[in-house]
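Q: Got a predicted structure plus its sequence, pasted below:
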Amino acid sequence: MLEHAGPAGAGPYYLPTGNEVGIVEQCHAGGLAVMLKGPTGCGKTRFVEHMAWRLGRPLITVSCHDDLTASDLIGRFLIRHDDTVWQDGPLTRAVREGAICYLDEVVEARQDTIVVLHPLTDYRRILPIDRTGETLEAAPGFQLVISYNPGYQRMLKDLKPSTRQRFVAIELGFPEAPAEAAIVSNESGVEGGTAMALVELAGRLRSLRDRGLAEVPSTRLLIAAGRLIASGIGLREACNAAVVAPLSDDPTLLGAMRELVDAMF
Ligand code: ADP
């Protein structure tokens, strides 16, 4: 793995799970757009925050949803007093400022919204703004990063091949147990042994996917349990409240998960 010096100062804490830091650095240098694939809560957002700091670029984040329009991204005319003034949307701001634009859960956005990204992802790196007649060239340092959870709503929503093939895709999964425990301990303040036990519990719960658990417990949930434990809540109670209960409403699955908690703590 390459060593990365990074700028001075601490920056957002991120523990790499592979060579994702080096790959995104090269994509940034080469003007390539990046797609981060991975389950919810596995560290995609934190990774982007870390990379923006490392690359010394501002970060503009958009959480995508199915009402998000092209105008929400690009901008719109607003009426102010007797005047109409143009207001940049977050994508346009990022293009002008040379920022990193992070579109979280991009599959949630409608197809006609997603296509406005296309001219920014090829050699042209331009953003045509139909309403004003402008065509912006992306400022140096601009980079598009999208995130995508392949397991979630796979049947209902997917990215079109014509969109997918415009991105360098990086797969992020849950880290190996010792690394995940280090993250849980660092983020929640629980000591190493407790963090490792939480990760072990997650490993067992993650194997319940075959029994119908739609979303498995993420690193984020383990950190939430860790924070409760660090604040004095009992282990079982913390695991049930922060890890088990958020995952399902199915009484059989909940019962099976609680049994795993009781067996471990
Ligand atoms: P996602 O965007 O994939 O849903 P997040 O980036 O919000 O997930 O991750 C949830 C939390 O898990 C983060 O706030 C951070 O505390 C922690 N986390 C997950 N992976 C890592 C990692 N590799 N290094 C540091 N923190 C991590």
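A: That came through fine.

Q: got the end-to-end distance for stretch 225-235?
A: Using CA to CA, to the nearest Å, the end-to-end distance of stretch 225-235 comes out at 8 Å.

Q: Sorry, wrong one. I was asking about stretch 16-25.
A: 13 Å.

Q: How about stretch 51-59?
A: When the termini of stretch 51-59 are compared using CA to CA, they are 9 Å apart.

Q: is the ligand contacted by it?
A: No - contact between stretch 51-59 and the ligand is absent, the nearest approach being 11.7 Å (criterion: CB under 6 Å from any ligand atom). To be clear about C-beta, it is placed using only N, CA and C from the backbone, and glycine gets the same treatment.

Q: as a whole number, average confidence for that stretch?
A: Model confidence over stretch 51-59 averages 98 on the pLDDT scale.

Q: again with stretch 21-28
A: Mean pLDDT, taken over the full extent of stretch 21-28, equals 98.

Q: If you count neighbours, what's buried in that stretch?
A: Neighbour-count burial for stretch 21-28 flags Val21, Val24, Glu25, Cys27, His28 (criterion: 16 or more other CB atoms under 10 Å).

Q: And the residue of this protein closest to the ligand?
A: When distances are taken as CB to the nearest ligand atom, the chain approaches the ligand most closely through Gly43, which lies 2.4 Å from it.

Q: Give the full set of residues in contact with that residue.
A: Residues near Gly43 by CB atoms under 8 Å, 6 or more residues apart in numbering: Tyr14, Thr17, Leu172, Pro175, Ile183, Thr219.

Q: quick one: low-confidence ranges for the chain?
A: Residue ranges of the chain with pLDDT under 70: 1-8, 152-156.

Q: Strands of that one, residue ranges please.
A: Assigned by DSSP state E, the chain shows strands spanning 34-37, 59-63, 75-80, 83-88, 100-104, 126-129, 134-137, 143-148, 168-171.

Q: which residues touch the fourth one?
A: Going back to what we said before, that points to strand 83-88. Contacts of strand 83-88 with the rest of the structure, by CB under 8 Å, 6+ apart, involve Ile74, Gly75, Arg76, Phe77, Leu78, Arg96, Arg131, Thr132.

Q: Find the nearest non-adjacent residue to Asp66, please.
A: Across the structure, with CB to CB, 6 or more residues apart in numbering as the measure, the residue nearest Asp66 apart from its sequence neighbours is Glu108 (5.7 Å).
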